[in-house]
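> From the sequence below, what's the structure:
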Amino acid sequence: MGLPHIEAPGGRRLSYLPEPWVEPFLLTVLEGREYPPLPFKSFAPPVIFDIGAHIGAAALYFAHRYPRARIHCFEPNPKTLPVLHHNVAGLEQVTVHDHGLGAQARMAELYGGLHSTMQVSFLPNPENTAEVATVPIRDVAGVLAQVPLAAPALIKLDTEGMELEILNALAGHLAAVGVLYVEYHSESDRRAIDALLGADFTLFHASVAEPDRGIMGHVSVRLLEALRSRERVPRFAWPKPAPQWS
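Numbers count the residues shown, from 1 in each chain. Here you go, the predicted structure:
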């Protein structure tokens, strides 16, 4: 595509748009630092939803780590979609869906990012520009009727402020979710996410970028108990080896 690229797991290359601060972030994803895995060898999600797939860094990371998973990438941005399609080309386990997700199907205005495409948002904020693209959002219920979650599914949710709407729409399907990585963009959203997940999930990873913004990793309590029992991993002995690519 004539774009810069960096090496990705499995001997692939990840092309990216030449934007400020993008490459260091992509490396955190590809190296497993943004979405660190559970320390259980037997965890193998059959389905992965990459909601807010951007250019496919997380999809390549998940495809390498979970080679048997079916990965569904949801991305509405017309600027990043061609790069996403290019980066996952040839990976039969990955399907790209050229739309966003929400509680209701609609056409919506997607605002440009002030510095990069990682900042585009359906909810305008100081990190957005006046540039707007009108893009489709499909309702979660309709998508799940065609692409059902299979337990224990993995969901990565990074949609620049739409996370809570999508999670609320997923609420009736959370029993099928084993691992959830979710970004939050306000303290009220973080607390609402915790309340929605309730006692059925426990936090296993958190990275706070600044006040009111960060990413959390939650695991189903039921799945965690099953994995601990199966692999006999002590509660306070989570190994954290450096990622090994082959």
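> Just the element for the residue sitting nearest the centre point of the chain, please.
For the chain, Lys156 is the residue whose C-alpha lies nearest the centre (CA atoms, centre = their mean; 2.5 Å). For Lys156, the host element (DSSP states H and E) is strand 153-157.
> Adjacent strands (with direction) for that strand?
strand 47-51 (parallel), strand 177-184 (parallel) (DSSP bridges).
> after the last one, next one along is what?
Scanning the chain past strand 177-184 towards its C-terminal end, the next helix or strand to appear is helix 187-197 (assignment: DSSP H and E).
> Strands of the chain, start to end?
5-7, 13-15, 47-51, 70-74, 94-97, 100-102, 106-113, 128-139, 153-157, 177-184, 201-210, 213-220 (DSSP state E).
> quick one: buried residues of the last one?
Residues 215-220 are the ones in strand 213-220 that count as buried (16 or more other CB atoms under 10 Å). C-betas here are computed from N, CA, C, even on glycine.
> next one: the longest one
Judged by neighbour count using 16+ other CB under 10 Å, the buried positions of strand 128-139 are 128, 135, 137-138.
> can I get the residues you listed in a markdown table with distance to Pro4?
Listed next are these as a markdown table, based on distance: CB to CB, whole Å:
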| residue | distance to Pro4 |
| --- | --- |
| Asn128 | 24 |
| Val135 | 25 |
| Ile137 | 30 |
| Arg138 | 32 |
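> what would the strands of the chain look like in TSV with distance to Ala58 and mean pLDDT?
As requested, the strands of the chain are exported to TSV (distance: least, CB to CB, whole Å; pLDDT from 0 to 100):
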stretch	distance to Ala58	mean pLDDT
strand 5-7	14	97
strand 13-15	10	97
strand 47-51	5	98
strand 70-74	9	98
strand 94-97	11	98
strand 100-102	15	97
strand 106-113	18	94
strand 128-139	20	94
strand 153-157	5	98
strand 177-184	8	97
strand 201-210	14	94
strand 213-220	11	97
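> Now tabulate those strands in CSV and tack on distance to Glu163.
Output for those, formatted as CSV (distance: least, CB to CB, whole Å):
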stretch, distance to Glu163
strand 5-7, 27
strand 13-15, 24
strand 47-51, 9
strand 70-74, 13
strand 94-97, 17
strand 100-102, 10
strand 106-113, 15
strand 128-139, 14
strand 153-157, 5
strand 177-184, 5
strand 201-210, 15
strand 213-220, 10
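> For Lys79, see how far away the residue nearest to the residue nearest to the centre of the chain when sequence neighbours are not counted is.
If the residues on either side of it in the chain are set aside, Lys156 comes closest to Tyr181, at 4.6 Å by CB to CB, 6 or more residues apart in numbering. Separation of Tyr181 from Lys79 (CB to CB, to the nearest Å): 23 Å.
> higher neighbour count, the two?
Comparing Tyr181 with Lys79 by other CB atoms under 10 Å, the one with more neighbours is Tyr181, at 20 against 15.
> Touching, that one and Leu157? I think so.
Yes: at 6.8 Å, Tyr181 counts as touching Leu157 under the criterion of CB atoms under 8 Å.
> Now the common contact residues for the two.
Counting by CB atoms under 8 Å, 6 or more residues apart in numbering, Tyr181 and Leu157 have no shared contacts at all.
> For stretch 11-19, report the contacting residues that lie outside it.
By CB under 8 Å, 6+ apart, stretch 11-19 touches 1, 3-8, 22-23, 26, 30, 55-57, 60, 79-80, 83, 86-87, 115-118.
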